[in-house]
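Q: My questions are about this predicted structure, shown below with the sequence.
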Amino acid sequence: MIRFVARTFYRLVGQSSIPVKLGLRNIFILPTGYGFLFLLLLVAMLLGSINYNNNLGFLLTFLLGSIMLSSMMHTYGMLYGLQLVTTETTPTFAGEPALIEIHVQGNGRLRKGLHWSFSRQQGTEQHVDPTERTRVAVPLPTTQRGLYQTGPLRIHSEYPTGLFRAWSRIETNEEYLVYPKPISASLPVSESDFGTGATTATSLPGVDDFAGLNAYQPGDSPGRIHWPSFSRGQGLHVKTFTGLRGGEQVLNLSLIPGSDLERKLSILCYHILAGERQQTRFGLQLPGHPLLPPDTGRAHRNRCLRALALFTPR
Amino acid sequence: MTEQPIGALIFALAVAMAPLLLELPPWAVLWSLIAWSYILLRHKYNWPQPGRIVRLLLFCLGVVAVLLSSGMRFDGGDFITLLAVMAGIKPLEVQSYRDSMVTVFLACFLTITSLFVFESLAMTLYLFVSVWVTTGVLVHLNDPKTELRQHFRLSARLILVAIPLMLLLFLLFPRLSGSFWGTPWSRQAHSGFSNTLRIGDVSRLALNNAPAFSASFTSSLPRASQLYWRGIVFQRFDGRNWSPVSAPQPRQTQIQGTEKAQYTIMLEPHGYRTLFALDLPLTAHGVATVYEDQTLRTRLPVRQRFNYNLTSILDAQEVPIQEASPLTLKLPPGKNPQAVALGKLWAEKFVEPRARMQAGLQYFKEHDFSYTLQPGTLGTDSIDDFLFQSRKGFCEHYAASYAVLMRAAGIPARIVGGYQGGRWNGVGKFFTIRQSDAHVWCELWFEREGWVRVDPTFVVAPERIDQVRNQEAMAGGQQPVQNWLQTDWISMVTMTWEAINIRWNMWFMGFSAEDQIALLQKLGLSLGRQGSWLLVMVLPSLFILSLLVLRWIKRRLQRTEPRDRVHELYTQFLQKTAQAGLAKLPHQGPLDYAAFLRQNAPELHEEVEEITRLYIELRYRRQREEKSIQQLRHCVKKFQPNP
């Protein structure tokens, strides 16, 4: 019921979307529960003052009332003029909160007590600097892999007195990707479906056996830099390894036993991550989709994970 | 759950409670102090947080203790004690934000209770301190990471902004007169004169230095001998107690005279219906009725400090002269035989009533009577005891025995209770009359004259009245400057403080519904009752609007302040080139643009080169030189591309 009223209300007042400068049109303010309690206290004080015709009582009541009003202006000012410039999303794994980054500008005022959230369950508290551009990472809880859209962003502040809450609701339709949650499980060996596996196996870089040092080239993993030789002044070298099993690997969904599709995708996810970490060449075969040929690197990993996230069985 | 700022909360409670310190029983103060120090030291010594049961027990213990100390009679004062006891143990249970907020509200409530107990200028000033601290702590609760000091700064700003609206609301918020329920809040309900007078009552008052009322004159000041502030007239005497007539009638007669005094009295609440006025009151301008014994009484007891305007005639004569009531000749049979006998003796000896009056005064003068505050106890025939044995007494003794003597001598006599004299405050130009100025004197009735004031105490202790005269002479300007310099600065300061207080009480504390209507009329805003409610609706919106306008103006001012002259000049340059059809594209930097101009308008090359060089230099160098800016301005001004 309340939700329905709220929705109708927001539809009537009109929606704003990023980029936006918060102003009279999209900031709302109401007393909080404590605000109402305080009002009740003021009414009691007023009645007491009238009853005892006590001018000092009147003075206190009016002073507190006026402070309440001026604190309302302050609370409103925490949002007024706040500029939301852009949003930026990064993919995440199901179960972990997706962090939606919002770039904001304070426009000359320190804005405190700002609470940012996309959902009721999770949000973040962050103030905004008056002059510098601030990045706010708003967490959004995820449960299921897939491609989602961020809903309305709620920003609220109760600073300074907690008697009022000013809030703003900004529509954001940013897409964000949720990868399956990685689950560690062994994979049936699927080496070289192309039949080339055996011949290339020994020569490919791997992780198991130390093969020697090579001169560092840009792009080499910093984790493999051989620091002792660097400290001897011999320049940068990286350790190289050869894989015993080595070779190319194609991760195939249909080869994983079990009936739970999500679990199988999760297992694949784990192996994609492991493959990237170990710098093996891996490909991905999902039924009904073209093969992603074996490759290495971050971009390839992301491409594979994206395919997992978006996979729908046909 | 985050750690709550207990220290700040206790500070707010302590500040709110401080004015009540002397009103509270010592055990309640100790109670709060112990509970607070426990909480404050808890973390240091790793003491446990009191559990739910302990807190409940403490709560019950507190309530029981308050009830016991009040003797099961629960009044306003005990309510304050209860509040203080609760404020003492409240911090014990503060664990969440919610508890903290409630504690702050409790502090607000404590503040208002102390206002009900003390109504003074000092309290008014303290009120702002208390609100300042409470608001600061409230802000601190909502932003616990920042230092408390900064929140106090914000709190001060909030208060400063709020004060104009507060004043407007105070002046314009519709006031109702009268109360909704119950007897108003007061610790001691009655002070000053009661409705019966027994010997010993007034001397008890004489030790009380509390102010009874103050009077400021718009007409010329009366002489010291005229400062008889009439309150109650006691006509009935039963041998022990004097009391007024039970059902007095409003005055039917007129009074006439030449010396008119016009003045305003600000009366401290005393819980009775009596108002005080100089002999004899002509009118109280509708505040009270004048009764046939020339006293003023209000419809309801005075429970609030309030001002009233009076006109008195100092040499008043009643027309037509009223017959004295037979009550004023009556003496209880069998009591005080010696005094009665003496009176009767005078009645036989002197035919003329005036002579009998003189005989009575002469009697006090000739015998060894003394004026003292410790007269000692008297027997059952108290008048006889005093007249013939102890001969030591206070004004009440003289007035009562003189009245008895005169009644015995056949002259109608009655006793008037009130105040005599007062201390002149030269700073504020008013008299302060204290309880210690309480006085009783007599009135005798003579044919063709009516009631005449006779003060037998004056015969015995003329210095009582002389004292006032000295002060008056000082203030009246007979030896003005020198005396002011001679008065020590302490009395100077106290007088000034008293004067400020009285002024404050006059126009602030006494501000009432009537004053408000008068004010609105003066402003030309006589909207009636409903109209003023409308005003209250409009006020906050006006307040918010004015804040918005102020903020907007401030922003405008700030925006124009750090002018970027270099940028302005370069923009001018760009406008000129744009007019020539060579507008800068958004992606072009100054150097790119210079190159672009060189291609498209080679004849401008030198000037463009110079402007660009200066602009880049000014823009990206650490230090800006005024000379370069001048140069740039000159160049841009000179620059004239042909379209």
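A: That came through fine.
Q: Please save the CA atoms from stretch B:117-129 in CSV.
A: C-alpha atoms of stretch B:117-129 as CSV (Å, rounded to 0.1, in the frame of the first residue of the first chain):
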residue,chain,number,x,y,z
VAL,B,117,10.8,27.3,38.9
PHE,B,118,12.9,30.4,38.3
GLU,B,119,11.6,33.3,36.4
SER,B,120,14.4,35.8,36.2
LEU,B,121,16.7,37.5,33.7
ALA,B,122,19.6,35.3,34.8
MET,B,123,17.5,32.2,34.0
THR,B,124,16.6,33.7,30.6
LEU,B,125,20.2,34.1,29.7
TYR,B,126,21.0,30.6,31.0
LEU,B,127,18.2,29.2,28.9
PHE,B,128,20.3,30.0,25.8
VAL,B,129,23.4,28.4,27.2
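Q: backbone phi and psi for residue 110, please?
A: I'll assume chain A. Torsion angles at A:L110 (phi, psi; degrees, to the nearest 10) stand at phi -70, psi 120.
Q: Surely it touches A:T134?
A: No - A:L110 lies out of contact with A:T134 (CB atoms under 8 Å); the separation is 10.7 Å. Quick note: C-beta positions are derived from backbone N, CA and C, even for glycine.
Q: Go through the residues of chain B and report the one nearest to chain A.
A: Closest contact between chain B and chain A, by CB to the nearest CB, is at B:A162 (3.4 Å).
Q: show me what contacts B:E268?
A: Neighbouring residues of B:E268 by CB atoms under 8 Å, 6 or more residues apart in numbering or on different chains: B:S191, B:A210, B:P211, B:A212, B:F213, B:R305.
Q: how near is it to B:A206?
A: To B:A206, B:E268 is 17 Å away according to CB to CB, to the nearest Å.
Q: what does A:R154 give?
A: Distance from A:R154 to B:A206, by CB to CB: 71 Å.
Q: what does B:V493 give?
A: For B:V493, the distance to B:A206 - CB to CB - is 26 Å.
Q: who's more crowded, the two?
A: Legend: neighbour count by other CB atoms under 10 Å in any protein chain shown for B:V493 and B:A206, higher for B:A206 (17 against 11).
Q: Tell me, what's the model's pLDDT at that one?
A: On the pLDDT scale, B:A206 is placed at 74.
Q: just checking, it touches B:F394?
A: Yes - the criterion here is CB under 8 Å, and B:A206 meets it with B:F394 at 6.9 Å.
Q: any common contacting residues for the two?
A: Residues touching both B:A206 and B:F394 comprise B:L373, with contact defined as CB under 8 Å, 6+ apart.
Q: Give me the buried positions along the host helix or strand of B:V566.
A: Using DSSP states H and E, the element containing B:V566 is helix B:565-579. Using 16 or more other CB atoms under 10 Å in any protein chain shown as the test for burial, helix B:565-579 gives B:V566, B:L569, B:Y570, B:F573, B:L574, B:K576, B:T577.
Q: Chain A: helices as residue ranges?
A: Ranges of helices within chain A are A:2-13, A:33-52, A:55-79, A:197-200, A:227-231, A:261-278, A:298-310, based on DSSP state H.
Q: winner for burial among the ones you listed?
A: Between the helices of chain A, helix A:55-79 has the highest mean count of neighbours, a mean of 23, where neighbours are mean count of other CB atoms under 10 Å in any protein chain shown.
Q: what about that helix, average pLDDT?
A: For helix A:55-79, mean pLDDT rounds to 92.
Q: okay, and the helix or strand of the chain with the least pLDDT?
A: Answering for chain A, as no chain was given. Lowest on mean pLDDT, DSSP states H and E among the helices and strands of chain A sits helix A:197-200, with a mean of 37.
Q: Switch to chain B, please.
A: The weakest-scoring helix or strand in chain B, judged by mean pLDDT, DSSP H and E, is helix B:480-486 (a mean of 44).
Q: What's the first helix or strand after it?
A: Moving toward the C-terminus from helix B:480-486, the next helix or strand (DSSP H and E) is helix B:489-504.
Q: Check whether that following helix comes near chain A.
A: No - using CB under 8 Å from any CB of the partner chain, we find that helix B:489-504 stays clear of chain A, coming within 10.3 Å at best.
Q: Residues contacting that helix, please?
A: Here helix B:489-504 makes contact (CB under 8 Å, 6+ apart) with B:120-121, B:124, B:214, B:216, B:266, B:425-430, B:432, B:484.
Q: Taking those, please make a PyMOL selection of just the buried ones.
A: The PyMOL command for the buried members of those (criterion: 16+ other CB under 10 Å) is given here:
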select buried, chain B and resi 120+121+124+214+216+266+425+426+427+428+430+432
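Q: Next, format the contacts of helix B:489-504 as TSV and append secondary structure and distance to A:F118.
A: Shown next, in TSV, are the contacts of helix B:489-504 (DSSP: H, G, I helix; E, B strand; the rest coil; distance: CB to CB, whole Å):
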residue	secondary structure	distance to A:F118
B:S120	coil	56
B:L121	helix	55
B:T124	helix	50
B:S214	strand	67
B:S216	strand	69
B:M266	strand	64
B:N425	strand	69
B:G426	coil	73
B:V427	coil	67
B:G428	coil	66
B:K429	coil	70
B:F430	strand	69
B:T432	strand	69
B:W484	helix	75
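Q: Count residues in the vicinity of B:A247, would you?
A: Per other CB under 10 Å, the neighbour tally for B:A247 reads 5.
Q: Smallest gap between chain A and chain B, at which residue?
A: For chain A, CB to the nearest CB, closest residue to chain B: A:S66, 3.4 Å.
Q: Which pLDDT value belongs to the residue nearest to that residue when sequence neighbours are not counted?
A: Nearest-residue entry for A:S66: B:A162, 3.4 Å, with adjacent residues in sequence omitted and distances by CB to CB, 6 or more residues apart in numbering or on different chains. In this model, B:A162 is scored at 91, pLDDT.
Q: what does the one 4 residues further on give?
A: According to the prediction, B:M166 has pLDDT 90.
Q: I figured it hits A:F58, correct?
A: No - applying CB under 8 Å as the test, B:M166 and A:F58 come out as separate, 9.5 Å apart.
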